[in-house]
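Trainee: give me the fold of what follows.
(3 chains)
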Amino acid sequence: MKTKKFNYRIVDVALLIALFALVFLADQFLPTYDIKFKVLQKGAVFALVAVSMNLLNGFTGLFSLGQAGFMLLGAYTYAIFTIPNEARLSVYKYYTMTNSAGEEIGGLVQLVLPMGIAIVLAGLVAAVFAYFIGLPVLRLKSDYLAIASLGFAEILRAICQWKGLGTLTNGSNQLRMYPYFNSIMPYFLIAGLCIAIIALLIKSTYGRAFKAIRDDEVAAEAMGINLAKHKMISFVISSFFAGIGGALFAMYQNTIQAKPFTTTLTYEILLIVVIGGIGSLSGSVIASFLYIACSEWWLRFLDTEGVIPGLSRNGFRLVVFSAAIMVIVLFFRRGLMGDKEFSTERIVNGVKSIFSGKKKKTKEVE
Amino acid sequence: MNLTIDHILAGISAGGQYALIAIGYTMVYGILRLINFAHGDVFMASGLIIVYLTTAMPLQYAIPVVIIATVFIGFLIERAAYKPLRSAPRMSVMISAIGVSYLIQNLALYITGGLPQTYPAIPWISDSVELFGAVTKRVTVVTPVLTLVLVVALVVLIRYTKIGMAMRAVSKDFETSQLMGIKINKVISTTFIIGSFLAAIGSLLYFSSYQSVTPTSGAMPGLKAFVAAVFGGIGSIPGAVVGAFVIGICENIIKSSTEFSIFSDAFTFALLIIVLCVRPTGIFGEKTTDKV
Amino acid sequence: MKNLLKLEDVTMQFGGVVAVNNLSLEVNEGEIVSLIGPNGAGKTTAFNVVTGVYEPTNGRVSFDGKAIVESYPHGKMNRLYAGENKGVYKKHIVKTPDKITKLGIARTFQNIRLFKSMTVLENVLVAMHMRRKSNLFTATFMLNYKEEKANKQKALDLLDKVGLLDVKDELATSLPYGKQRRLEIARALATEPTLLLLDEPAAGMNPQETAELTQFIYRIRDEFGLTIFMIEHHMDLVMDISDRIYVIDFGKMIASGVPAEIQNNELVIKAYLGVSEDE
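Mentor: Numbering: from 1, shown residues only, chains lettered A, B, ... in the order given. Predicted coordinates:
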């Protein structure tokens, strides 16, 4: 193109600002019990977790299924360090202890951190665990890596439910009464910031190294890329953000328990990544909101008896939903975005080429 | 610890049931290099089907019908969800398997309404017997025996029949065997049919001793059976059987302790990770090197 | 002449198969040395030992006077070892391929291994990652923009030199075969090597392209001050370009010398006549 290019970047930025403005409005006008309110919160949480998984699975080519485990660590860390001391006695009622002054206290931890610090700590704890889990696991190849990381997530879940650590984790009982955001914006801001950092990382020279490892390990190593080190970086960073995602998830849920952090949760996140396109961050974000909206909101009507005579009743929504996912997995393997990122320029060009039809297409081939 | 003969017997029995599922994993992995995440759910589906069948027909008809139905499901999954992805990257096929697992579980949730379904008592094998001073169901005794008989039959099939030879060839080298004129799709279908058949038998035995079926009750036994397959060396049938018995027995010993019983599932994965780190090819597996 | 690469008694045994048997050779600074031999003679295996992909069963590889790889039969191999010179080497030095690349040995692959999701330019930039000054933090938050800019310029210069500048934004795998081979060389050069290992650079090329490649190799050697060690089957190219040639068959060295000596060597002719070539 010879003529001066219209800068579509400005439009992209404007769209992003508009999105946050909408969130701001939603916060003002939506009641907290509204399903849209919940969908936006949960969507933001899942967007972050899906993006963190995409960094590992999509960009570094490490097929890890441990995401639920790192979310669990983040959620627990956040909850344990933010429950107000006066509430601990009722939360940890089965695991009370006596302190040096002889008073009865709830649980081992009596330290209460500010929310912001607890969120970062949640990420750090997940990252530290990821480092030690990564040492043995990252040496494994594709499917063995998948099953071993899945195994670690299950082990973490069992440890969190273990009575022996009850004074820390409250055993298999709930952790609750910790502070949480009662609006949408903080979820968007935190998730947005984290996703932006991941996007920057992927754009950097490290991101290129990750993609090189994904494309061809042997060649990447021959080009001087330290495989063990770079896989570990990707794994630890991915887990760090999964941990933060876990903290946000804990807030979204208001109470937390080890039980829901099963492999099914990991599978759901993986399916979001696949729907969005493995190797596309914006795809993961869009897919998260679509996924959450479909499963929690848009397809709700399918669960109502009588909407489709004889078929629709409780649970039908999820059947339709998972069948739709199978269709994507089988026939639209590249997902919504393939490995491309969202940009207005691409959309405009796409629309243009539809209108100008054949002529443009043949030109592009040349 | 209150370890009794009960736990050991239960362990052997669980081991046999895991073994029957594990064979399905190990054979599919041997041929397609695919962790068939949906296999555990096929096993669960088999349990559900018989619950519904027994309301419509007597048990002696229901059992053969459920076996056929399970085999058909296994066959169908392969044709619908794996065959279209034959030339796709391995990760896509694995994702497809996860998708199928998700679909089956949701379907089961829809059909059952989320309520645990009571498994029908199968006469004779559900009867109580006394063994070494412990009272147990007959299924506990039947399982290991039946498992071993089926495994021997399978090994004979693989070693001495033409289709068995084809299977061995395909698991050694997928492309070359295709070039040699082996009908790859037939071999793969047979593998899924055998795997599902054994899963159906395993399901009969497993749910007879656990009594109720829920949509997620296939997930854990499925994963454990897969670990058993890895433990024994994936692709090796005797390996899967040995692995399954080891896991079944160890798990039940852990269950006998009230303090650590929460780790009975986690133990399986710990074992898996240790095996993968120390000897990634499992106890009976063969070593392979990547060609540069 | 300074000795740059030295292999001493290198033996590589897989199970019971001895792929490289007691191979000793030297490559001096500024030379172009070829390693030839029939298919399956163990040439690529020798390359893989030098670049750290395989740990040799026995022997030593030195680069610039320092041992970079050294091993002796241990573990199961202690019993199985079928090669010679057991007990001569006592040290166990294993460097991963990336460490060896960092020392200044770069390579290309027999079956082209470009990064398929990346553009031509990105393929070259990846190879510059190793010599970065930035760290994870500065790179993520774009505090290393000066280095990034300089690297990009360097990569563009390099692409210009190998004649791929006009396709810099194309996907690497969309290039025609000959250009892919060139890109592999450019990518290897971006790691700033002193020794370049070329694994069959002329494979699949017609005589015209092979002649161009000859000139190209001369050019990059002079321009980048390289020493070149290559595996090749095209005898025209080998005889034309090599200062010295080593011939191996069944993992064992059967001849070495300048091209004229090799051309008339009885053993070499016999080794080649018995085996049909891949072209």
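
Trainee: mind checking the SS state of the closest residue to A:Gly246 other than its chain neighbours?
Mentor: Spatial nearest neighbour of A:Gly246, excluding adjacent residues (C-beta to C-beta, 6 or more residues apart in numbering or on different chains): A:Gly74 at 2.8 Å. No exception for glycine: its C-beta is placed from N, CA and C like everyone else's. Here A:Gly74 is recorded as helix under DSSP: H, G, I helix; E, B strand; the rest coil.

Trainee: spatially central, which residue of the chain would that be?
Mentor: In the absence of a named chain, chain A is used. A:Val49 (1.0 Å; C-alpha atoms, centre = their mean).

Trainee: ah, I was thinking of chain C
Mentor: Most central in chain C (C-alpha atoms, centre = their mean) works out to C:Leu197, at 2.2 Å.

Trainee: hmm, back to that, list the contacts for the residue nearest to A:Gly246?
Mentor: A:122-123, A:125-126, A:242-247, A:249-250 (C-beta atoms under 8 Å, 6 or more residues apart in numbering or on different chains).

Trainee: those: which two are farthest apart?
Mentor: Across the contacts of A:Gly74, the longest distance by C-beta to C-beta is 14.6 Å; it joins A:Val125 and A:Phe249.

Trainee: tell me which of these two has more neighbours.
Mentor: A:Phe249 (26 against 23; other C-beta atoms under 10 Å in any protein chain shown).

Trainee: pick the one among the contacts of A:Gly74 closest to chain C.
Mentor: A:Gly123 (14.9 Å; C-beta to the nearest C-beta).

Trainee: so that closest one touches A:Ile244, yeah?
Mentor: Yes - with contact defined as C-beta atoms under 8 Å, A:Gly123 counts as touching A:Ile244 (4.3 Å).

Trainee: and those two? Which one has more around it.
Mentor: For the pair A:Gly123 and A:Ile244, the greater number of neighbours falls to A:Ile244 (30 against 26), based on other C-beta under 10 Å.

Trainee: which stretches of the stretch 51-200 of chain A form strands?
Mentor: For the stretch 51-200 of chain A, the strands defined by DSSP state E, counting those that start in this stretch cover A:96-98, A:104-106.

Trainee: for chain B, which of those strands is the nearest?
Mentor: strand A:96-98 (18.7 Å).

Trainee: how about the strands in the stretch 101-250 of chain B?
Mentor: In the stretch 101-250 of chain B, the strands defined using DSSP E, counting those that start in this stretch lie at B:117-118, B:128-131, B:134-137, B:212-213.

Trainee: for the first one, which outside residues touch it?
Mentor: Pointing back at strand B:117-118 there. Outside strand B:117-118, the residues that reach it (C-beta under 8 Å, 6+ apart) are B:48, B:51, B:211-214.

Trainee: of those residues, buried ones?
Mentor: Neighbour-count burial (16 or more other C-beta atoms under 10 Å in any protein chain shown) applied to the contacts of strand B:117-118 gives B:48, B:51, B:213-214.

Trainee: grab the nearest non-local neighbour of whichever residue of chain A sits closest to chain B.
Mentor: Of all residues in chain A, A:Gly151 sits closest to chain B, with a separation of 3.1 Å (C-beta to the nearest C-beta). Ranked by C-beta to C-beta, 6+ apart and with sequence neighbours excluded, the top spatial neighbour of A:Gly151 is B:Phe269, at 3.1 Å.

Trainee: could you check which helix or strand contains the one you found?
Mentor: Per DSSP states H and E: B:Phe269 is located in helix B:264-278.

Trainee: what about chain C, any weak spots by pLDDT?
Mentor: C:273-279 (pLDDT under 70).

Trainee: chain B contacts on that one?
Mentor: Counting by C-beta under 8 Å from any C-beta of the partner chain, chain C comes close to chain B at C:14, C:44, C:48, C:53, C:109.

Trainee: dihedrals phi and psi, the fourth one?
Mentor: When read as degrees, to the nearest 10, the backbone of C:Val53 gives phi -70, psi -40.

Trainee: from C:Lys95, how far out is it?
Mentor: To C:Lys95, C:Val53 is 11 Å away according to C-beta to C-beta, to the nearest Å.

Trainee: which helix of chain A spans the most residues?
Mentor: helix A:227-253 (DSSP state H).

Trainee: name the helices or strands packed onto that helix?
Mentor: Helix A:227-253 is packed against helix A:35-54, helix A:67-82, helix A:115-137, helix A:185-203, helix A:205-215, helix A:217-222, with contacts defined by 3 or more C-beta pairs under 8 Å, 6 or more residues apart in numbering or on different chains; DSSP states H and E.

Trainee: C:Met118 is nearest to which of these?
Mentor: helix A:205-215 (6.4 Å).

Trainee: quick one: the closest one to helix A:185-203, angle?
Mentor: Calculated by axes from the mean of the first three to the mean of the last three C-alpha atoms, to 10 degrees, helix A:205-215 forms an angle of 70 degrees with helix A:185-203.

Trainee: which elements pack onto helix A:205-215?
Mentor: Under the contact rule (3+ C-beta pairs under 8 Å, 6+ apart), helix A:205-215 is packed against helix A:217-222, helix A:227-253, helix C:120-128, helix C:136-140.

Trainee: neighbouring contacts of the next helix or strand after the longest one?
Mentor: So the one you mean is helix A:227-253. Once the chain leaves helix A:227-253, the next helix or strand it forms, by DSSP H and E, is helix A:263-276. By C-beta under 8 Å, 6+ apart, the residues outside helix A:263-276 that reach it are A:46, A:49-50, A:53-54, A:57-58, A:65-68, A:71, A:150, A:153-154, A:282-288, A:290-291, A:325, A:328-329, A:335-337, B:95, B:98-99, B:101-102, B:105, B:216, B:219, B:223.

Trainee: one more: stretch A:157-168?
Mentor: A:68-69, A:72, A:76, A:80, A:92, A:94-95, A:97, A:107-109, A:169, A:171-172, A:258-259, A:261-262, B:259-260, B:262-263, B:265-266.

Trainee: ok, the residue of chain A closest to chain B to A:Gly207 distance?
Mentor: In terms of C-beta to C-beta, A:Gly151 sits 29 Å off from A:Gly207.

Trainee: for the two, indicate the residue with more neighbours.
Mentor: More crowded of A:Gly151 and A:Gly207, by other C-beta under 10 Å: A:Gly151, with 28 against 21.

Trainee: distance-wise, check C:Asp249 relative to A:Ile286.
Mentor: 59 Å.

Trainee: which stretches of the stretch 1-150 of chain C form strands?
Mentor: Remark: strands assigned in the stretch 1-150 of chain C by DSSP E, counting those that start in this stretch are C:3-14, C:17-28, C:32-36, C:58-63, C:66-71, C:105-107.

Trainee: including distance to C:Val126 and mean neighbour count, could those go into a markdown table?
Mentor: Output for the strands of the stretch 1-150 of chain C, formatted as a markdown table (distance: least, C-beta to C-beta, whole Å; neighbours: other C-beta atoms under 10 Å in any protein chain shown):
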| stretch | distance to C:Val126 | mean neighbour count |
| --- | --- | --- |
| strand C:3-14 | 25 | 21 |
| strand C:17-28 | 27 | 19 |
| strand C:32-36 | 27 | 24 |
| strand C:58-63 | 23 | 23 |
| strand C:66-71 | 23 | 18 |
| strand C:105-107 | 13 | 27 |
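
Trainee: can you tell which of the ones you listed is closest to C:Phe216?
Mentor: That would be strand C:32-36 among those, by C-beta to C-beta, at 12.3 Å.

Trainee: quick one: contacts of the closest one?
Mentor: C:25, C:27, C:43, C:46-47, C:217, C:221, C:227-233, C:235, C:238, C:241-248, C:262.

Trainee: 7 Å instead, please
Mentor: If you take C-beta atoms under 7 Å, 6 or more residues apart in numbering or on different chains as the criterion, strand C:32-36 is touched by C:27, C:43, C:46, C:221, C:228-232, C:238, C:241-248.
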